[in-house]
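1. Here's a sequence, model it:
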Amino acid sequence: MLSVRGLRKTYRAERHGGAALDGVDLDVEDGAFATVLGPSGSGKTTLLRCIAGFEAPDAGTITLDGRTVARPPGPGVRPYDRGVGVVPQEGALFPHLSVARNIAFGISGRPRAWRRERVEELIALVGLHGLRERRPHQLSGGQQQRVALARALAPGPRLVLLDEPFSALDAQLRVELREEVREVLRTVGATALLVTHDQAEAMTLADHLVVMRSGRVVAAGDPREVYESPVDAELGRFLGEAVVLPGVLERASGVPLVRCALGRLEVARGAGTPGPCPNEACDVLVRPEQLVVRRAGEAPSAAGAVVASRGVTGRVDAQQFYGHDALLRVRLDGGQDVAVRVDGWRRFGVGDAVEVDVETPVRAYAGPAGRSPEEPHG
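-> Okay, the predicted model is just below:
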């Protein structure tokens with residue numbers, strides 16, 4: 001449905017000749033919900049603006065439904081002729097127009113009876129019953145975003161672009177509204193592309209996850225696969241809590257075997273597993289939910305996970321309780337700090353002596369040692 005190839009965009013203000021977009025490739029299938037995730041300055045909003053037609057790329061092509069809408073040096077198809085709906089940050093509603101007139105703004109050229117019916121249909125779809133005559137300042141933040149979504153959907157676009165539409169909302173409302181938006185888009189059968197810097201938002205909404213860094217796509221695919229098999233330690237850290245330890249590769253052929261503070265681990269081969277030589281230093285990334293903790297001397301649970309190491313000992317240094325789960329910070333006897341995720345009902349105290357195991361098979365990244373989390377990876 002959406003295909004982007006070799007997209008490049010450079011602004012004069014970019015320092016050191018850097019590009020906001022540097023050869024971006026992207027594909028979104030018809031009817032999919034794709035998310036583009038990245039930190040500030042990664043190029044995700046520039047990408048969205050180029051797709052919408054608000055920015056002209058310097059190079060590359062953008063194709064929508066088999067129709068090329070941008071191919072420099074040509075002028076490209078005008079934004080309102082692309083069949084794309086846009087939901088901007090904080091709604092960007094017209095303050096002097098009612099809910100109904102805001103929604104109808106993009107379909108002003110249609111017959112009046114059709115416009116009225118379409119507006120009422122969308123008001124019902126996004127749950128704004130009884131609010132059609134209110135102005136934006138009379139609505140809550142969540143209601144304003146529902147109006148913005150309805151306005152974007154009014155012309156019946158095949159592609160809807162969402163530019164961090166939940167960023168100004170409180171945490172609970174963000175969760176509720178993004179689920180509602182996901183369901184509305186599924187109901188109308190629209191293809192969607194959302195850009196965000198929120199990892200949880202990106203992974204919970206996406207059929208297809210795209211991660212950007214320094215103007216480039218560094219990973220793309222099923223959210224679970226991108227999370228479980230990061231291409232490097234920096235991406236692993238960015239996508240969620242991670243334990244990164246120095247290690248040594250013992251076996252490169254077959255299933256890689258590494259040695260680190262958690263023991264000797266067979267690392268499942270994935271997108272991030274390189275092929276360094278045996279005895280080469282590496283970084284090993286394991287997720288806190290892959291670690292199993294018990295009090296020192298306590299027998300492993302019969303129903304527990306099969307483990308890849310044998311009770312590396314340490315002490316609980318700190319803990320963070322979230323209700324449904326908790327995150328323990330454990331200082332291993334060797335001096336390394338690891339994070340371990342446990343069920344919320346399990347009680348540990350700071351200073352408790354514990355043993356830490358690793359679930360097997362280990363879905364982890366094992367790559368060249370010494371890469372800084374801030375160092376660009378190309």
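
2. Do you have the helices of the protein handy? List them.
-> Under the criterion DSSP state H, helices of the chain are mapped to 44-52, 99-104, 112-125, 141-153, 171-188, 199-205, 223-228, 233-239.

3. Rebuild these as a markdown table, extending it with mean pLDDT, mean neighbour count and distance to residue 10.
-> Backbone N, C-alpha and C define where each C-beta goes, glycine included. Converted to a markdown table, those look like this (pLDDT from 0 to 100; neighbours: other C-beta atoms under 10 Å; distance: least, C-beta to C-beta, whole Å):
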| stretch | mean pLDDT | mean neighbour count | distance to residue 10 |
| --- | --- | --- | --- |
| helix 44-52 | 96 | 24 | 10 |
| helix 99-104 | 95 | 23 | 35 |
| helix 112-125 | 95 | 15 | 39 |
| helix 141-153 | 94 | 24 | 29 |
| helix 171-188 | 91 | 15 | 32 |
| helix 199-205 | 93 | 18 | 26 |
| helix 223-228 | 90 | 18 | 27 |
| helix 233-239 | 90 | 22 | 24 |
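
4. Reformat those helices into JSON lines and put distance to residue 68 next to each item.
-> Below are these laid out as JSON lines (distance: least, C-beta to C-beta, whole Å):
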{"stretch": "helix 44-52", "distance to residue 68": "13"}
{"stretch": "helix 99-104", "distance to residue 68": "30"}
{"stretch": "helix 112-125", "distance to residue 68": "29"}
{"stretch": "helix 141-153", "distance to residue 68": "23"}
{"stretch": "helix 171-188", "distance to residue 68": "25"}
{"stretch": "helix 199-205", "distance to residue 68": "28"}
{"stretch": "helix 223-228", "distance to residue 68": "29"}
{"stretch": "helix 233-239", "distance to residue 68": "31"}
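
5. any weak-confidence spans in the chain?
-> 13-18, 268-277, 301-310, 360-378 (pLDDT under 70).

6. Residue 317 touches residue 327, doesn't it?
-> No: assessed by C-beta atoms under 8 Å, residue 317 is found out of contact with residue 327, at 11.4 Å.

7. Quick check: closest non-adjacent residue to residue 320.
-> residue 327 (4.6 Å; C-beta to C-beta, 6 or more residues apart in numbering).

8. measure the one you found to residue 258 for me?
-> According to C-beta to C-beta, to the nearest Å, residue 327 stands 24 Å off from residue 258.

9. Those two - which one has more neighbours?
-> residue 258 (24 against 16; other C-beta atoms under 10 Å).

10. Would you quantify the distance from the more buried one to residue 249?
-> Separation of residue 258 from residue 249 (C-beta to C-beta): 6 Å.

11. just the strands in the stretch 1-150 of the chain please.
-> Under the criterion DSSP state E, counting those that start in this stretch, strands of the stretch 1-150 of the chain are mapped to 2-9, 21-28, 33-37, 59-64, 67-70, 84-87.

12. Save these as CSV, and put in distance to residue 211 and mean neighbour count too.
-> As requested, the strands of the stretch 1-150 of the chain are exported to CSV (distance: least, C-beta to C-beta, whole Å; neighbours: other C-beta atoms under 10 Å):
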stretch, distance to residue 211, mean neighbour count
strand 2-9, 15, 20
strand 21-28, 11, 20
strand 33-37, 5, 25
strand 59-64, 19, 19
strand 67-70, 23, 17
strand 84-87, 21, 24
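
13. Can I get these in TSV including distance to residue 146?
-> Shown next, in TSV, are the strands of the stretch 1-150 of the chain (distance: least, C-beta to C-beta, whole Å):
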stretch	distance to residue 146
strand 2-9	24
strand 21-28	24
strand 33-37	17
strand 59-64	25
strand 67-70	28
strand 84-87	10
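
14. and residue 208, which of the ones you listed is closest to it?
-> Of all those, strand 33-37 sits nearest to residue 208, with 4.3 Å by C-beta to C-beta.

15. and that closest one, what other elements does it pack with?
-> Counting contacts by 3 or more C-beta pairs under 8 Å, 6 or more residues apart in numbering; DSSP states H and E, strand 33-37 packs against helix 44-52, helix 171-188, strand 191-196, helix 199-205, strand 208-213.

16. closest one to residue 164 among those?
-> strand 191-196 (5.4 Å).

17. got the angle between that closest one and strand 59-64?
-> Strand 191-196 runs at 130 degrees relative to strand 59-64, counting by axes from the mean of the first three to the mean of the last three C-alpha atoms, to 10 degrees.

18. chain center to strand 191-196, what's the gap?
-> Relative to its chain's centre, strand 191-196 lies at 10 Å (C-alpha atoms, centre = their mean, to the nearest Å).

19. which residues touch that strand?
-> In this structure, residues lying in contact with strand 191-196 by C-beta atoms under 8 Å, 6 or more residues apart in numbering are 1-2, 28-38, 44-45, 47-48, 51, 158-167, 185, 201-202, 205-206.

20. Tell me the strands beside it, with direction?
-> strand 33-37 (parallel), strand 159-163 (parallel) (DSSP bridges).
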